[in-house]
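1. coordinates for the following, if possible.
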Amino acid sequence: MKGKIIRSGKESNILEIHDANSAINSYYDMSAPIQFTLTYCSGLSEEDFYNVLSVSPDKDYFYSSYIISDFHTFNSRPPHQHAFFELVIVLDGSITQRMENKDYLYPAGTCCLINQNVFHVEKYIGKARLLFIGLSVNFIKELLESHRTAYYQEETALKNSILQFMADNIELEKGKNYLDFLPVYQNRKNSSDLYRFADRLIHTMMFPTFGSTFMLKGLICQLFYYLDTKKYYHISSVQLNSSSDLLLFSRIGHLMEDTDGRMSRSDLEKALCYSGNYMNTIVNKYTGMCLYDYGLTFTMKKAAHLLTETDKPISAIEAHLGLTNRTHFYKLFRKKYGVTPGEYRRQSQNA
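-> Numbering: from 1, shown residues only. Modelled structure (predicted):
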């Protein structure tokens, strides 16, 4: 790699930064069709450091800072816009993403796709490793065109919500929204999968050979397909005129649905990096219920589904859902549906 050291505060050879210190006009442009930036922050103490590896098809550079003041300067940058789309993948640790003066927490395994019109800036809150993928409008148009002229019907018929999001934003030009990606609870391999994508993308970019352009486009499409597969990730379109609490409530709902409402408070805390008390407050704000009772609504919904869609005995359904007190289960089910589980099943069969 024919990289060069870029000291803090100097302009890179990939990104053109306009009004870097402005709180309202900071703007990033990108000279390459696609760019990868891998960052690593070892922490926030006086002995910690911050490294960046950034590569693009025709230029590359490596930035390394062991000077804590440089990192503090970086971590206090003003919000900025891009002339391109940016996919942020949190490989390790957690960051706070500030979008239009609202803060969103992103733990390991989560991602966000930011359009060109959103003022944003990431804040490191400790040890973390991130991959930023810059995608120019022309690059996205090339992907959209390649899908329209693809060889296989499976490709032309597939509607990828990530590509559709970018196509819509290119057409509308002024949308203030972004996509949020939360791994499905059962997707325990999400971190290793994301690392594998990052490794293949950066390796292809750094060591180009005949056909590397097609390989890069193919890898990006595979990444989009992976993130848009429901058994791996939940995708939420976040409108920035809504409350920032709404995204957290949506994430809690997704994880409760993944686990039939049987996810413990401590497991939610590990997955979302918020305290149980705070999540309880958010759930109560939107439902009037506590976190535990909100989870039980998903449990009863799953019980009703199993009663109508399977011939499992009621005792087996109780065991499947981790319910050990039959009297309590019947009480909860009757409260939700007005009848006992057995009556609910008979009514469904008659209907």
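2. show me where the stretch 51-200 of the chain has its helices.
-> Along the stretch 51-200 of the chain, the stretches classed as helices by DSSP state H, counting those that start in this stretch are 68-75, 137-148, 153-157, 161-172, 190-206.
3. okay, the ones you listed in JSON lines with mean neighbour count next?
-> (C-beta placed from N, C-alpha, C; glycine too.) Below are these laid out as JSON lines (neighbours: other CB atoms under 10 Å):
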{"stretch": "helix 68-75", "mean neighbour count": "15"}
{"stretch": "helix 137-148", "mean neighbour count": "15"}
{"stretch": "helix 153-157", "mean neighbour count": "10"}
{"stretch": "helix 161-172", "mean neighbour count": "16"}
{"stretch": "helix 190-206", "mean neighbour count": "17"}
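4. can you say which of those is nearest to Ala304?
-> Nearest to Ala304 among the helices of the stretch 51-200 of the chain is helix 161-172 (28.7 Å), distances taken as CB to CB.
5. compute the inter-axis angle for that closest one and helix 137-148.
-> 120 degrees (axes from the mean of the first three to the mean of the last three CA atoms, to 10 degrees).
6. isn't Gly175 up against Ala167?
-> No: the pair Gly175 / Ala167 is not scored as a contact, 11.5 Å apart, by CB atoms under 8 Å.
7. then Leu219 would be within a helix, right?
-> Yes: the assignment for Leu219 is a helix, going by DSSP: H, G, I helix; E, B strand; the rest coil.
8. would you quantify the distance from it to Pro57?
-> Leu219 is 13 Å from Pro57, where distance means CB to CB, to the nearest Å.
9. in the stretch 1-150 of the chain, where is pLDDT below threshold?
-> 1-13, 59 (pLDDT under 70).
10. which residues in it form strands?
-> 15-18, 27-30, 34-41, 50-55, 60-65, 81-82, 85-99, 102-107, 111-114, 120-135 (DSSP state E, counting those that start in this stretch).
11. Leu247: which of these is closest?
-> strand 102-107 (6.0 Å).
12. so what does that closest one touch, helix or strand wise?
-> Contact analysis of strand 102-107 by 3 or more CB pairs under 8 Å, 6 or more residues apart in numbering; DSSP states H and E lists strand 85-99, helix 265-272 as its packing neighbours.
13. which elements pack onto the last one?
-> Applying 3+ CB pairs under 8 Å, 6+ apart, one finds that helix 265-272 makes contact with strand 102-107, helix 245-258, helix 276-287, helix 291-309.
14. figure out how far it is from the centre of its chain.
-> Centre-to-centre, helix 265-272 and its host chain are 17 Å apart (CA atoms, centre = their mean, to the nearest Å).
15. I'd say Ser26 and Leu15 touch.
-> No: counting by CB under 8 Å, Ser26 does not reach Leu15; the two are 11.6 Å apart.
16. which residues touch the residue nearest to Glu86 when sequence neighbours are not counted?
-> Distances taken as CB to CB, 6 or more residues apart in numbering put Ile114 closest to Glu86, at 4.8 Å, once the chain neighbours are dropped. By CB atoms under 8 Å, 6 or more residues apart in numbering, the contact list for Ile114 reads His82, Phe85, Glu86, Leu87, Val88, Met99, His120, Tyr178.
17. that's a strand at Met263, yeah?
-> No: Met263: not assigned to a strand; according to three-state DSSP it is coil.
18. still on that earlier bit, which one of the contacts of Ile114 sits in the busiest neighbourhood?
-> Tyr178 (26 neighbours; other CB atoms under 10 Å).
19. report the beta-bridge partners for it.
-> Ile114, Val238 (DSSP bridges).
20. surely it touches Gln116?
-> No: the pair Tyr178 / Gln116 is not scored as a contact, 10.6 Å apart, by CB under 8 Å.
21. and His320, what is it in contact with?
-> Neighbours of His320 in contact, by CB under 8 Å, 6+ apart: Leu306, Lys312.
22. quick one on the thing from earlier: just put the contacts of Ile114 in TSV and tack on distance to Ser76.
-> Formatted as TSV, these follow (distance: CB to CB, whole Å):
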residue	distance to Ser76
His82	19
Phe85	25
Glu86	19
Leu87	24
Val88	18
Met99	17
His120	15
Tyr178	22
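23. tell me which of these is nearest to Asn284?
-> Met99 (24.6 Å).
24. from the chain's centroid, how far away is stretch 299-316?
-> On CA atoms, centre = their mean, the centre of stretch 299-316 falls 32 Å from that of its chain.
25. wait, I meant stretch 322-336
-> 35 Å.
26. was I right about Pro341 contacting Leu306?
-> No: checked against CB under 8 Å, the pair Pro341 and Leu306 is beyond contact range at 9.4 Å.
27. related to what we said a few turns ago, just name the most buried of the helices and strands packed on strand 102-107.
-> Mean neighbour count (mean count of other CB atoms under 10 Å) peaks for strand 85-99 among those, with a mean of 20.
28. what pairs with it, parallel or antiparallel?
-> strand 102-107 (antiparallel), strand 111-114 (antiparallel), strand 120-135 (antiparallel).
29. tell me the buried residues in stretch 325-344?
-> Neighbour counts over stretch 325-344 (16 or more other CB atoms under 10 Å) mark Phe329, Tyr330, Leu332, Phe333, Lys336, Tyr337, Pro341, Tyr344 as buried.
30. dump those residues into JSON lines; add distance to Thr149 and secondary structure as well.
-> Shown next, in JSON lines, are the buried residues of stretch 325-344 (distance: CB to CB, whole Å; DSSP: H, G, I helix; E, B strand; the rest coil):
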{"residue": "Phe329", "distance to Thr149": "55", "secondary structure": "helix"}
{"residue": "Tyr330", "distance to Thr149": "59", "secondary structure": "helix"}
{"residue": "Leu332", "distance to Thr149": "54", "secondary structure": "helix"}
{"residue": "Phe333", "distance to Thr149": "53", "secondary structure": "helix"}
{"residue": "Lys336", "distance to Thr149": "51", "secondary structure": "helix"}
{"residue": "Tyr337", "distance to Thr149": "51", "secondary structure": "helix"}
{"residue": "Pro341", "distance to Thr149": "54", "secondary structure": "helix"}
{"residue": "Tyr344", "distance to Thr149": "51", "secondary structure": "helix"}
